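Trainee: Provided below are the primary sequence and the corresponding predicted coordinates.
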Amino acid sequence: MGEATRKALARQQAAIAIDTFGGRIHVEWDPTAAVTPLGQLPFFIEFLKVSGLFDSWVADCPLEYQSNHASGKRAVLATLLLSILAGHHRYAHITAIRQDGIHPELFGVTHLVSEDAARRALVKIDEASGVAWLDRHLAKTTRPLLATPWILDLDATVKCLYGKQEGAIVGYNPTKPGRPSHSYHSALMANTRLALAVEVMAGNETAPLHNMPGIWAWLDALPKAERPAVLRGDVAYGNESVLREAEARDQPYLTKLRLTKHVKDLIKKLFRHTGWADAGQGWEGVEDTLTLTGWSRSRRVVVLRRKLSGEMLLRGTDDRQDEFAFIEGDIPTARYEYAVLVTSTQHEVLTLAQLYRDRADAENNFDELKNQWGWGGYTTQDLARCRLMARMVALVYNWWNLFVRLAQPHKHFEAITSRPLLLHGVATQTRHGGQTRVTITSTHAKQSVIQAVLTNLAGFLNALKTTAEQWTDVQRLRAILERAFAKFMLTTAGPPAWLTAKPDPI
């Protein structure tokens, strides 16, 4: 049997002749070679090491093993991080990175764990402890930015399910009515495209009332100076319970109202109003006050309208459009598209209109997290592991965004663009004379630009290590955030703060 095994192995390693359009080639396998398709990942690993993000995340993890033969939490977390970063959506996809010959060692582990070991590890984490652990590290990536005026975007997105998972209940689902789902309630920091919080709930718990108690508790725990300048949401958040709680905390808000009967009556009353002002991008607006049924007080509203023309006018089957096709004598007036905002701020109409249009950026975040990261997958039978993985995906998403912002501070790159730019590339590892060398071959058309960007990034991280070697991880992370979000944090001209600040005594 031993001889037969050796012969089978020899046959497996033999080269295979294949005819191609470019001629005859010989193909062979080398399963022991130290290669990886994620060749530029070492730069991201250095970022995690210099910032202290990965080590503190592992040290703080509540996962504990009793057996001496267990994989260890560092190996489990490194495997899940690599899986999320590679764009996986299922635990089964972990198999595709199990034989990575370079990166396990760079993460300080001997091997990556299997998909089953990853699932079992999440079962061993107590849900309350795991949620608190991941929430702490999510806050760590955003807390230094809260001192600058910022906008809190709230929204919920639907994740369709195709099994019998816990919480898989039919709820609001505009794209696939009748399909069981989970609801992902999220809080995002506008402009930075960083995730602040995420909560996974049953499919029939899409309304804000299910998640807002947690948001209010989180806001109450923040110092007054770090609370958002504006709380922004869609029509789901324009209800009495949300507005009343915001007013009780003196929290400015901007949300949209549904076009209910009383809102339509206001639109009809203002239709021939002469005070319509330019609201940008073809919109015009006028402000008024409104007291809806169920509201405890009168509130400031801004009515926006945009004249329909071209294809929008030809698709005149929309009931909302017909509702506002007023007739003056025998001559119908122009058709308009309407939107009504409610706010507690004192900004003018043009500013409010643009401020709400900017909310579309939050929708791009949801699209990226669901379709390019793991929010659309990593589904298990129990809801607890779904909650842990949703937070873990958001955390890795934040880490990658910080890394990409360091490399290219002028704009945001989605994962579909940034991974081929800064992650993908075939790498080979060799050892000689006690030195380890990784040789990267990128197939990207902008490989020379990528090399220059990553070289510059490595120079920054090296300067950070040598100049601020006595700094704490918190101080180093703040220096990284100041560089990545220099425009957002409105830093003054001159040397960056991390070069001039004095380190805390050890």
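Mentor: Looks like it arrived, so ask away. Residues are numbered from 1 along each chain as shown.

Trainee: what bits of the stretch 351-500 of the chain have low per-residue confidence?
Mentor: 468, 490-500 (pLDDT under 70).

Trainee: Oops, could you answer that again for the chain instead?
Mentor: In the chain (pLDDT under 70), the answer is 1-13, 310-333, 468, 490-506.

Trainee: Domains in it, by residue range?
Mentor: Following automatic domain parsing, the chain resolves into domains at 1-234+360-506, 251-358.

Trainee: These into CSV, with extra columns for mean neighbour count and distance to Ser241?
Mentor: Where C-beta positions appear, they are placed from N, C-alpha and C, glycine not excepted. As requested, these are exported to CSV (neighbours: other Cβ atoms under 10 Å; distance: least, Cβ to Cβ, whole Å):
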stretch, mean neighbour count, distance to Ser241
domain 1-234+360-506, 16, 6
domain 251-358, 15, 10
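
Trainee: Output those domains as CSV; include the columns distance to Arg244.
Mentor: Listed next are the domains of the chain as CSV, based on distance: least, Cβ to Cβ, whole Å:
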stretch, distance to Arg244
domain 1-234+360-506, 11
domain 251-358, 6
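
Trainee: right, and those domains - which one's nearest Glu245?
Mentor: Closest approach to Glu245 among the domains of the chain is made by domain 1-234+360-506 (5.8 Å; Cβ to Cβ).

Trainee: Off-centre distance for that closest one?
Mentor: Taking Cα atoms, centre = their mean, to the nearest Å, one finds domain 1-234+360-506 lying 10 Å from the centre of the chain it belongs to.

Trainee: again, but for stretch 338-352
Mentor: 27 Å.

Trainee: What are the contacting residues of that stretch?
Mentor: Here stretch 338-352 makes contact (Cβ atoms under 8 Å, 6 or more residues apart in numbering) with 230, 238, 243, 246-247, 252-257, 259, 263, 266-267, 277-280, 285-287, 290, 299-305, 320, 324, 353, 355-356.

Trainee: Among the residues you listed, which are located in helices?
Mentor: 243, 246-247, 263, 266-267, 320, 353, 355-356 (DSSP state H).

Trainee: Tell me the one of those residues nearest Arg405?
Mentor: Of those, the one sitting nearest to Arg405 (Cβ to Cβ) turns out to be Leu355, at 23.0 Å.

Trainee: quick one, what contacts that closest one?
Mentor: 151, 230, 232, 254, 347.

Trainee: What residues does the fourth one make contact with?
Mentor: Right, the one you point to is Leu254. Per Cβ under 8 Å, 6+ apart, neighbours of Leu254: 230-232, 341-343, 345, 352, 355-356.

Trainee: which residues of the stretch 351-500 of the chain fall in strands?
Mentor: For the stretch 351-500 of the chain, applying DSSP state E, counting those that start in this stretch gives strands covering 426-432, 435-441.

Trainee: Which of the ones you listed sits closest to His273?
Mentor: Of all the strands of the stretch 351-500 of the chain, strand 435-441 comes closest under Cβ to Cβ, at 63.5 Å.

Trainee: Can you list the strands that the closest one pairs with?
Mentor: Strand 435-441 pairs in its sheet with strand 426-432 (antiparallel), by DSSP bridges.

Trainee: Quick one: residues in contact with the partner strand.
Mentor: 33-40, 42, 101-102, 436-443.

Trainee: which residues touch Ser181?
Mentor: 158-161, 168-171, 173, 203.

Trainee: Try it again at 6 Å.
Mentor: Contacts for Ser181 (Cβ atoms under 6 Å, 6 or more residues apart in numbering) come out as 158-161, 173, 203.

Trainee: Dump stretch 102-122 to PDB, restricted to CA.
Mentor: Provided in PDB are the C-alpha atoms of stretch 102-122 (Å, rounded to 0.1, in the frame of the first residue of the first chain):
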ATOM      1  CA  ILE A 102       2.700  33.200   2.600                       C
ATOM      2  CA  HIS A 103       0.200  35.100   4.700                       C
ATOM      3  CA  PRO A 104      -0.400  32.800   7.700                       C
ATOM      4  CA  GLU A 105       3.200  33.300   8.800                       C
ATOM      5  CA  LEU A 106       2.900  37.100   8.300                       C
ATOM      6  CA  PHE A 107      -0.100  37.100  10.600                       C
ATOM      7  CA  GLY A 108       1.900  35.100  13.200                       C
ATOM      8  CA  VAL A 109       0.100  31.800  12.800                       C
ATOM      9  CA  THR A 110       1.200  28.500  11.400                       C
ATOM     10  CA  HIS A 111      -1.900  27.700   9.300                       C
ATOM     11  CA  LEU A 112      -5.400  28.900   8.400                       C
ATOM     12  CA  VAL A 113      -8.400  27.000   9.900                       C
ATOM     13  CA  SER A 114     -11.100  25.200   8.000                       C
ATOM     14  CA  GLU A 115     -14.600  26.500   7.400                       C
ATOM     15  CA  ASP A 116     -16.000  24.100  10.000                       C
ATOM     16  CA  ALA A 117     -13.500  25.300  12.600                       C
ATOM     17  CA  ALA A 118     -14.400  28.900  11.900                       C
ATOM     18  CA  ARG A 119     -18.100  28.200  12.400                       C
ATOM     19  CA  ARG A 120     -17.500  26.300  15.600                       C
ATOM     20  CA  ALA A 121     -15.300  29.100  16.900                       C
ATOM     21  CA  LEU A 122     -18.100  31.600  16.600                       C
END
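
Trainee: excluding its backbone neighbours, what's nearest Val453?
Mentor: What sits nearest to Val453 in space, not counting adjacent residues and going by Cβ to Cβ, 6 or more residues apart in numbering, is Ala407, at 5.0 Å.

Trainee: how close does the one you found sit to Ile102?
Mentor: Applying Cβ to Cβ, to the nearest Å, the value for Ala407 to Ile102 is 21 Å.

Trainee: next one: Asp126
Mentor: 34 Å.

Trainee: what's the farthest-apart pair in the ones in helices among the contacts of stretch 338-352?
Mentor: Across these (Cβ to Cβ), the longest gap, 29.1 Å, separates Glu247 and Arg320.

Trainee: For the residue nearest to Leu402 when sequence neighbours are not counted, list the residues it contacts.
Mentor: Using Cβ to Cβ, 6+ apart and skipping residues adjacent in sequence, the residue nearest Leu402 is Ala484, 5.4 Å away. Ala484 sits next to 402, 405-406 when contact means Cβ under 6 Å, 6+ apart.

Trainee: Mind doing that once more with 7 Å?
Mentor: Going by Cβ atoms under 7 Å, 6 or more residues apart in numbering, Ala484 touches 402, 405-406, 409.

Trainee: again with Ala486
Mentor: Contacts of Ala486 by Cβ under 7 Å, 6+ apart are Pro409.

Trainee: same check, this time on Asp60
Mentor: Residues near Asp60 by Cβ under 7 Å, 6+ apart: Trp133.

Trainee: and it, backbone torsions?
Mentor: phi -90, psi -10 (degrees, to the nearest 10).
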